[in-house]
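> Whatever this is, show me its structure:
(2 chains)
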Amino acid sequence: MGDFDFDVIARSLPYLWKGMEYTLILTLTAMAGGIFFGTLLAIAKLSSIPPLSIAATAYVNLMRSTPLVLVIFWFYFLVPLLAQAITGSEQPVPVGPDQTALISFTLFEIAYYCEIIRAGIQSIPTGQVSAGKALGFTYFQQMLYVVLPQAFRNMLPVLLTQSIVLFQDTSLVYVISATDFLGAASKVAQRDSRLVEMYSFVAVIYFLISFTLSQFVKRLQLKFSIVR
Amino acid sequence: MDKYNWNWAIFFDEVATGGEKYYQWMLSGLGWTVATSLCAWAIALILGVLVGVIRTTPVRWLEMVGNAYVELFRNIPLIVQMFLWFFVLPDLLPQAAGDWLKQDLPLPEFSTAVISLGFFTSARIAEQVKAGVLTLPRGQKSAGLAMGFNLPQVYRYVLLPMAFRIIIPPLTSEFMNVFKNSSVALTIGMLELTAVARQMNEYTFQGFETFTATTVLYVIVAFTANRIMALIEKKVRVPGYIGGR
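Below is the predicted model of the structure:
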């Protein structure tokens, strides 16, 4: 413990920051994609058209019963083949781990956001939908102007909590050697044989960010519960 | 995609490194996944109930310790926690203990995975237990105390039996999560199911077959875990209360 080397952290800060940038990009992309497509999937799941709701349910259940690490490997294997099929090239097209991670995280998170959004939509009283109908709104207008704004307001804390989980989960891109925050730290750790310093530093940073965000969500939740 | 060579018989080929067939290798990976998850679940239940309970007691400093515990294990990614237990802890302990961890710990990857997954999950269980105890009407505790129970007895005979029944649904999803989260143990070198799948894909290039079989196994495990919890939920139902009907 006496030879804890703070210098290795200071020296590698610019590199670590690049890793953190990728972590944030990955988190925000998967969050934006997850919420947007998750909303569509939730609407599909709740729809009265059987093939649509069955397909949506199957997708959600499959993703939710598979470990994220396995999903990452799935796409790491699949994406080059899909790219080959799309571009019609002779060989599987090599796609970097960073791009693959963006695709796999978005597709994985859609399933989780979908469940939150579905619950949010179902928490809206049916009278609201009837009122929308009575105003002459089409189905999509009811969703867009009546149901979704209220649903999102109710589920905002849960959506944000899921996003904090997502932020932590992005560290799993380590398994395909993408250079996120953990990946960058682990590369430095192995190069300089400074595992103790680097992994402790990573843990502290993850803790500080996640803890701050979760306290913020807690405050938000209190604020919301007073309004209602 | 049309150039992909399907070969579902690959599971009956011998592993590239020799010794066993791929399907046997996969089953052994499944075995490690299940063993790790069940051991971690046992630790998580014990610690989680303990921490969850102390967060609801009137003793202020106990509550604070419990809160700190939950925040600590919930706000660091599982993979980083595993690295801390595996790479960092032995260097932070006194020399003798650190050396023992490095050299003599039986099944180092398995033990570390069980411990880290257990602690990680315990924080989530503590959160559920606390919520379960807090949803009980205040009168329950008062009634217990009025009957002459001391506080531990109130928890043992009045609060916890009801709280456990209330939290079975969220515990079910936590139980299913443990199996999925155990896949993170491949990062410290454990050959559990996902690690086997990765190796098999690298040896054979039969990704579709490998990952499909692995996914099916995980789905079976998740479904089984779900059914077991549903069975328990049904068994412990109290007539006239919480879906007892």
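> alpha carbons only for contacts and neighbour counts from here, please
Fine.
> Spell out which residues sit in contact with the residue nearest in space to the middle of chain B, please.
Among the residues of chain B, the one closest to the centroid is residue B:178, at 3.2 Å (Cα atoms, centre = their mean). Shown in contact with residue B:178 (Cα atoms under 8 Å, 6 or more residues apart in numbering or on different chains): B:37, B:40-41, B:117, B:121.
> If we use 7 Å, what do you get?
B:37, B:41 (Cα atoms under 7 Å, 6 or more residues apart in numbering or on different chains).
> buried stuff in the host helix or strand of it?
Per DSSP states H and E: residue B:178 is located in helix B:168-181. Buried residues in helix B:168-181, counted by 16 or more other Cα atoms under 10 Å in any protein chain shown: B:168, B:171-172, B:174-181.
> For chain A, tell me whether the lengthiest helix in chain B is touching it.
Selection of the longest helix in chain B by residue count, based on DSSP state H, yields helix B:22-54. No. Judged by Cα under 7 Å from any Cα of the partner chain, helix B:22-54 stays clear of chain A, getting no closer than 11.5 Å.
> which helices and strands does that helix pack with?
Contacts defined by 3 or more Cα pairs under 7 Å, 6 or more residues apart in numbering or on different chains; DSSP states H and E place helix B:22-54 against helix B:60-74, helix B:108-135, helix B:168-181, helix B:193-204.
> just those helices: most buried one?
helix B:108-135 (a mean of 23; mean count of other Cα atoms under 10 Å in any protein chain shown).
> Below-threshold pLDDT in chain A: ranges please.
Low-confidence segments of chain A (pLDDT under 70): A:1-3, A:225-228.
> Distance from the chain centre to the longest helix anywhere in it, please.
Criterion DSSP H: the longest helix present in chain A is helix A:6-46. Using Cα atoms, centre = their mean, to the nearest Å, the mean C-alpha position of helix A:6-46 is found 7 Å from that of the whole chain.
> residue ranges of the helices in chain A, please?
Taking DSSP H as the test, the helices found in chain A are A:6-46, A:50-64, A:68-87, A:97-122, A:126-134, A:139-141, A:148-169, A:181-192, A:195-227.
> which residues of chain B score low on pLDDT?
Applying pLDDT under 70 to chain B flags residues B:1-3, B:241-245.
> residues in it within reach of chain A, list them.
For chain B, the residues in contact with chain A (Cα under 7 Å from any Cα) are B:1, B:75-77, B:79-80, B:83-84, B:87-88, B:91-92, B:180-181, B:183-184, B:187, B:194, B:207, B:211, B:215, B:218-219, B:222.
> Give me the neighbour count for the residue lying closest to residue A:132 once chain neighbours are set aside.
Nearest residue to residue A:132, sequence neighbours excluded (Cα to Cα, 6 or more residues apart in numbering or on different chains): residue A:142, at 5.4 Å. Applying other Cα atoms under 10 Å in any protein chain shown, we find 19 residues neighbouring residue A:142.
> Quick check, residue A:142 in contact with residue A:131.
No. If you go by Cα atoms under 7 Å, residue A:142 and residue A:131 don't touch, sitting 8.9 Å apart.
> residue contacts, residue 104?
Reading this off chain A. Contacts for residue A:104 (Cα under 7 Å, 6+ apart) come out as A:71-72, A:75.
> For residue A:178, see how far away it is.
Shown here: residue A:104 relative to residue A:178, a distance of 13 Å by Cα to Cα, to the nearest Å.
> do residue B:173 as well
As judged by Cα to Cα, residue B:173 and residue A:178 stand 29 Å apart.
> Tell me how many other residues crowd residue 209.
Assuming you mean chain A. 15.
> my bad, chain B
Using other Cα under 10 Å, the number of residues around residue B:209 comes to 19.
> That one and residue B:8 touch, don't they?
Yes. In this structure, residue B:209 is within contact of residue B:8 by Cα under 7 Å, at 6.2 Å.
> ok, which residues in chain A are in contact with chain B?
Counting by Cα under 7 Å from any Cα, chain A sits next to chain B at A:1, A:65-67, A:69-70, A:74, A:77, A:81, A:85, A:168-169, A:172, A:175, A:195-196, A:199, A:203, A:206-207, A:210-211.
> 8 Å instead, please
Residues of chain A lying close to chain B by Cα under 8 Å from any Cα of the partner chain are A:1, A:62, A:65-70, A:73-74, A:77, A:81-82, A:84-85, A:168-169, A:171-172, A:175, A:182, A:195-196, A:199-200, A:202-203, A:206-208, A:210-211.
> List only those of those flagged as buried.
With burial judged by 16+ other Cα under 10 Å, the buried subset of these is A:62, A:65-70, A:73-74, A:77, A:81, A:84-85, A:168-169, A:171-172, A:175, A:182, A:195-196, A:199-200, A:202-203, A:206-207, A:210-211.
> so who does residue 203 touch?
Answering for chain A, as no chain was given. By Cα under 8 Å, 6+ apart, the contact set of residue A:203 is B:76-77, B:80-81.
> sorry, should have said chain B
With contacts defined as Cα under 8 Å, 6+ apart, residue B:203 is in contact with residue B:16.
> Equivalent analysis for residue B:82, please.
By Cα under 8 Å, 6+ apart, the residues touching residue B:82 are B:112-113, B:116-117, B:185, B:188.
> out of the residues you listed, what pair is the most spread apart?
Farthest pair in the contacts of residue B:82 (Cα to Cα) is B:117 and B:188. Separation: 12.4 Å.
> residue contacts, residue 170?
If you meant another chain, say so; for now it's chain A. A:23, A:26-27, A:105, A:180.
> other chain: chain B
By Cα under 8 Å, 6+ apart, the residues touching residue B:170 are residue B:128.
> now swap in the one 10 residues further on and tell me
With contacts taken as Cα under 8 Å, 6+ apart, residue B:180 has the following neighbours: A:65-68, B:218.
> what do you get for residue B:57?
Neighbour list for residue B:57: residue B:63 [criterion: Cα under 8 Å, 6+ apart].
> what do you get for residue B:71?
A:211, B:123.
> Then residue B:176?
Listed by Cα under 8 Å, 6+ apart, the contact partners of residue B:176 are A:65, B:222, B:225-226.
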